[in-house]
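1. Need the 3D shape of this:
(chains A and B)
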Amino acid sequence: MATVVVVDDETDLRLLLGIALRRHGFDVVAEAVDGDDGLATVESLRPPVPDVVVLDNRMPGMSGVELAAVLRDRRPEVMVVLFSAFLDRETEAAAAEAGVTMCVGKDRLTDLPEILAGLLAEHAA
Amino acid sequence: MSDEQLRRLERRLQRARAAQRESERIAEDALRRLYEANELKRALLGTVNHELRTPATIIAGFADYLHGAWDELSDADRRGIVARVADAGERLAVMVEDVLALAQLEIGAMADRVEEVDLAALLDEVRARLDGGDRLAARLDCVAVVAHRGSLRRVLVELLKNALRYSPVTDPVHVTAHSDGRDVVLQVRDAGPGIALDERSRVFEPFYRGAGDHVVRTSGLGVGLSLVRRLVDLHGGEVKLEDGPGGGTAVMVRLPATPPDAVSVNGVAETGADGSDSSEGEER
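-> Purely as a prediction, here's the structure:
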């Protein structure tokens, strides 16, 4: 079972992400309320957990893209997916530069589990 | 070539170099402004997208969950989810209402009747509908003002909800009103983080939400103070931001005892820009 950490400052979105991912067989091992909390949470987990971090971008403190860049350096084996309400070319370019595997718009919440499953399958192949 | 011709050529060359430097400076300046304008537009688009899509995603996500898992959920779970959907719906409705109110004001449409408004009664009415309204500490030395009631109500709502949301929950928000013989001066003072000097004119721009974590931690489109300024302008008054004594922000609204004719222009509806039918929630 793939392990996931969810980082979003919106309580309802963390709850929804947890519900959607668990219903599709993911193990949501932790949730974090902002970028700094997300970093502390991921660093507190013993590798190989988590397989994936799902990040919001616009958060207090460290943004999602900033956190992705830190994770790329400290936990390069962790796949990072940016789950954001606003994705333009600049954001996607900055995310790619920071090591984000994929950007997914928040309007695709229900598709996210399948997207993650696809990414993990590709990664394993 | 004579020495004189050489000197003339040298002077022309210097002038040409100076002109080139000036052109480069102008071009750089224009590029910088263009970049800043684009960045501003991008930031604005980011804010609007984030603020509108987040509650929309919450509503759609919970509705989808309810639909798919109805039989697995207890009655209490279903009620809890419906409450979350309702909260997100209200959050979205407040933002849409604010944008529509601003749009109405932009085209000069607002309700047209001015009357003598009892400030204390209006404040009580607003206080009762605001989250944290019990934290308001009011001292109203002037109890009446001639204004469009709905507009004045909206001004109070926007100023108070801002002050309440940015102040620590343990601190009161002070509201005072007095007459200086010519104008009615209303002040709302909070104990929040304050607004930097270079941001004070920008916070009145529509969709500008300021900088800092305290802004990211709160939701809203950033149109509340734009509405306040436009409504106060229509009454021939003015709005100013000042430092509160001991920190925080003090917003001062000055309204003339008799508003100008501008208030009694082409009336449209009693609801809308005047906020008489909107719920309260967001914004700075």
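2. now the strands for the chain?
-> In the absence of a named chain, this looks at chain A. A:3-7, A:27-32, A:52-55, A:79-84, A:102-105 (DSSP state E).
3. looking at chain B here, not the other one
-> Under DSSP E, chain B gives strands at B:115-118, B:136-140, B:144-147, B:173-179, B:183-189, B:238-243, B:249-256.
4. Quick one: list the elements packing against the longest one.
-> When you say that, I think you mean strand B:249-256. Strand B:249-256 sits against helix B:149-166, strand B:183-189, helix B:224-234, strand B:238-243, with contacts defined as 3 or more C-beta pairs under 8 Å, 6 or more residues apart in numbering or on different chains; DSSP states H and E. (Glycine included, C-beta is placed from N, CA and C.)
5. Can you pull the residues of chain A lying near chain B?
-> Within reach of chain B by C-beta under 8 Å from any C-beta of the partner chain, chain A has these residues: A:9-10, A:12-13, A:15-16, A:19-20, A:23, A:58-61, A:84-86, A:88, A:90-91, A:106-107, A:109-110.
6. 7 Å instead, please
-> A:10, A:12-13, A:16, A:19, A:58-61, A:85-86, A:88, A:90, A:106-107, A:109-110 (C-beta under 7 Å from any C-beta of the partner chain).
7. before we move on, back to that, could you dump the strands of chain B into TSV and include distance to residue B:232?
-> Rendered in TSV, the data for these read as follows (distance: least, C-beta to C-beta, whole Å):
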stretch	distance to residue B:232
strand B:115-118	14
strand B:136-140	18
strand B:144-147	10
strand B:173-179	14
strand B:183-189	10
strand B:238-243	5
strand B:249-256	6
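8. Where does pLDDT dip in the stretch 51-200 of chain B?
-> B:108-112 (pLDDT under 70).
9. can you list the residues of it near chain A?
-> Checking the stretch 51-200 of chain B against chain A by C-beta under 7 Å from any C-beta, the hits are B:53-54, B:57-58, B:61-62, B:64-65, B:84, B:88.
10. Just flag the most distant two among these.
-> Farthest pair in these (C-beta to C-beta) is B:53 and B:65. Separation: 17.7 Å.
11. gap between residue B:170 and chain A?
-> Plainly put, residue B:170 is 21 Å away from chain A if you go by C-beta to the nearest C-beta, to the nearest Å.
12. Out of the strands of chain A, which one sits most buried?
-> Counting by mean count of other C-beta atoms under 10 Å in any protein chain shown, strand A:52-55 has the highest mean neighbour count of these, with a mean of 27.
13. and stretch B:225-239, C-alpha only, in PDB?
-> C-alpha atoms of stretch B:225-239 as PDB (Å, rounded to 0.1, in the frame of the first residue of the first chain):
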ATOM      1  CA  LEU B 225     -11.700  48.200   1.600                       C
ATOM      2  CA  SER B 226     -12.300  49.100  -2.000                       C
ATOM      3  CA  LEU B 227     -16.000  48.900  -1.300                       C
ATOM      4  CA  VAL B 228     -15.600  51.100   1.800                       C
ATOM      5  CA  ARG B 229     -13.600  53.700  -0.100                       C
ATOM      6  CA  ARG B 230     -16.100  53.900  -3.000                       C
ATOM      7  CA  LEU B 231     -19.100  54.100  -0.700                       C
ATOM      8  CA  VAL B 232     -17.500  56.800   1.400                       C
ATOM      9  CA  ASP B 233     -16.500  58.700  -1.700                       C
ATOM     10  CA  LEU B 234     -20.100  58.700  -2.900                       C
ATOM     11  CA  HIS B 235     -21.100  60.400   0.300                       C
ATOM     12  CA  GLY B 236     -18.400  63.000  -0.200                       C
ATOM     13  CA  GLY B 237     -16.400  61.700   2.700                       C
ATOM     14  CA  GLU B 238     -12.900  60.200   3.000                       C
ATOM     15  CA  VAL B 239     -11.200  57.200   4.500                       C
END
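14. for the record, mean pLDDT for it?
-> Average pLDDT, stretch B:225-239: 90.
15. can you pull up the bridge partners for the residue most central in space within chain A?
-> Note on chain A: the residue nearest the mean C-alpha position is residue A:54, at 1.4 Å, using C-alpha atoms, centre = their mean. Per DSSP bridges, the residues bridged to residue A:54 are residue A:6, residue A:81.
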